[in-house]
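> The following block contains a protein sequence and its predicted model.
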Amino acid sequence: MRPFSFTKAGDKATAIKVISEAEEGKFIAGGTNLLDLMKFHIMHPAHLIDITGVALKNIEALEDGGLRLGALVSNADTAYHAEVEKRYPLLSHAILAGASPQLRNKATDGGNLLQRTRCYYFYDPATPCNKREPGTGCSAINGYNRWHAIFGASEECIATHPSDMCVALAALEAKVQVTGPDGDRIIPFEDFHRLPVNTPEKDSNLYENEMITAIDLPPKGFSENFTYIKNRDRASYSFALVSVAVGLEIKEGEIKEARIVLGGVAHKPWRNKEAEALLENMKATKKNFENVADAIVSEAKAYEYNQFKVELARRSIVRTLMQAAKTEE
Ligand SMILES: Cc1cc2nc3c(=O)[nH]c(=O)nc-3n(C[C@H](O)[C@H](O)[C@H](O)COP(=O)(O)OP(=O)(O)OC[C@H]3O[C@@H](n4cnc5c(N)ncnc54)[C@H](O)[C@@H]3O)c2cc1C
Ligand code: SF4
């Protein structure tokens, strides 16, 4: 047991002040990831700032027609919120594909974005890991890499981001509202998470001591034509091997806009806009969907134990698109 001190912050300003003054401070929300990481001696903050008392627990309409999810709304309350279910069912489905009911009751939306990889070596302090201890090496590259990335990896880290919720948020082009010692800013979702390159210890582009305050959903929710498919080792309570979030806008049988985002395959939700553009003004047919899937997986690079993910991704993209388009041919 390593000692740590604890502050319960009642508002944003106090939380930012306390974390800025603390040495090795960390916010704690639902604690469903951070406490495990502390118990496994992977992360050892000297000071915890509990933000669950901060007033960020509302879901409210935005003037532009979108919806704001407070960072401290639970994953369960988000997934079952009437407006989310009606206007952003892709997000509801993705959240409900993750974790378990108990975990979703406790886990918060802000915490979900910042959960850390499930790479087995990251969780094992006896093995080298550049993400846990920069400069020590990556045990997964030549190790058991079944869960690992097939897109966007580097020679320093091939971990994947484990979230389901984030795959849907990337497809919806959400925006992340943050606040910190230098004020507020907005981070487009595609810029929120990072690829590992040569700094795998950094998962996101949050600055030091910044706090997520909300996630904004734009007005367009793809509620007519959407699907989230998650392939995993067990039917529940298991992270994605490959997941796919699709939102389509279809008019008179032609696709006007397509969003296709993959989870479980990269250090961040994986989106290929050039491949999406191949579907613009095309008919929603299996052949067209296969062409897009081929374009996406043509950039995949697999390792010894995760080669199955390439074909799994290809087939999952086609199936998700067909389901979203409500077509069988
Ligand atoms: C057994 C198990 C199975 C799971 N399965 C899945 C799954 O299938 N799919 C899935 O998507 N997830 C899954 N999860 C992960 C779960 O969704 C996350 O643990 C959860 O969303 C994290 O939210 P939290 O509020 O508990 O975060 P915490 O554990 O409190 O915090 C996580 C990190 O976020 C930081 N943080 C939290 N809130 C903020 C904020 N507002 N601003 C800045 N920093 C913040 C903390 O400092 C910490 O670094 C699983 C978890 C477990 C334990
Ligand atoms: S893949 Fe990343 S997290 Fe896993 S061992 Fe390598 S450096 Fe560590």
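Happy to help now that I have it. Computed from a prediction, not measured in an experiment: that's the story for all the values here. Residues are numbered from 1 along each chain as shown. Ligands and ions are numbered 1, 2, ... in the order given.
> Close to ligand 2: what parts of the stretch 151-300 of the chain are there?
157, 158, 159, 200 (Cβ under 6 Å from any ligand atom). Using the backbone N, CA and C atoms, a C-beta is placed for each residue, glycine as well.
> Please tell me how far residue 107 sits from residue 75.
Here residue 107 is placed at a distance of 5 Å from residue 75 (Cβ to Cβ, to the nearest Å).
> which residues touch the closest residue to ligand 1 within the stretch 51-200 of the chain?
Residue of the stretch 51-200 of the chain nearest ligand 1, by Cβ to the nearest ligand atom: residue 111 (2.2 Å). By Cβ atoms under 8 Å, 6 or more residues apart in numbering, the contact list for residue 111 reads 29, 30, 32, 33, 34.
> The last one: neighbour count?
I take that to be residue 34. Neighbourhood size, residue 34 [other Cβ atoms under 10 Å]: 21.
> got a list of contacts for stretch 192-206?
Contacts of stretch 192-206 (Cβ under 8 Å, 6+ apart): 113-114, 116-117, 130-132, 134, 138, 152-154, 156-159, 161, 166, 176, 178, 180, 187, 191, 212, 266-269.
> try it again with 7 Å
113-114, 116, 130-131, 134, 152-154, 156-157, 159, 161, 176, 178, 187, 191, 267-269 (Cβ atoms under 7 Å, 6 or more residues apart in numbering).
> could you flag which of the residues you listed are buried?
Neighbour-count burial (16 or more other Cβ atoms under 10 Å) is assigned, among those, to 113-114, 116, 130-131, 152-154, 156-157, 159, 161, 176, 178, 187, 267-269.
> which ones are touching residue 277?
Contacts of residue 277 by Cβ under 7 Å, 6+ apart: none found.
> And it, its phi and psi?
Per-residue torsions, residue 277: phi -60, psi -20 (degrees, to the nearest 10).
> Report pLDDT for it.
pLDDT, residue 277: 98.
> tell me the two of the residues of the stretch 151-300 of the chain next to ligand 2 that are most distant?
Spanning the widest gap among these are 158 and 200, at 9.0 Å by Cβ to Cβ.
> What parts of this structure come near ligand 1?
Counting by Cβ under 6 Å from any ligand atom, the residues of the chain close to ligand 1 are 26-34, 36, 51, 71, 75, 98-99, 103, 106-108, 110-112, 114-115, 162-165, 211-212, 239.
> go again using 5 Å as the cut-off
Within the chain, the positions near ligand 1 by Cβ under 5 Å from any ligand atom are 26-34, 71, 98-99, 107-108, 110-112, 114-115, 163-164, 211-212, 239.
> Just the buried residues out of those residues, in ChimeraX syntax.
To isolate the buried ones among the residues of the chain next to ligand 1 in ChimeraX, judged by 16+ other Cβ under 10 Å, type:
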select :26,27,28,29,30,31,32,33,34,71,98,99,107,108,110,111,112,114,115,163,164,211,212,239
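> In strands, which of the residues of the chain next to ligand 1 appear?
The strands, defined by DSSP state E, take in 26, 27, 28, 211, 212 from these.
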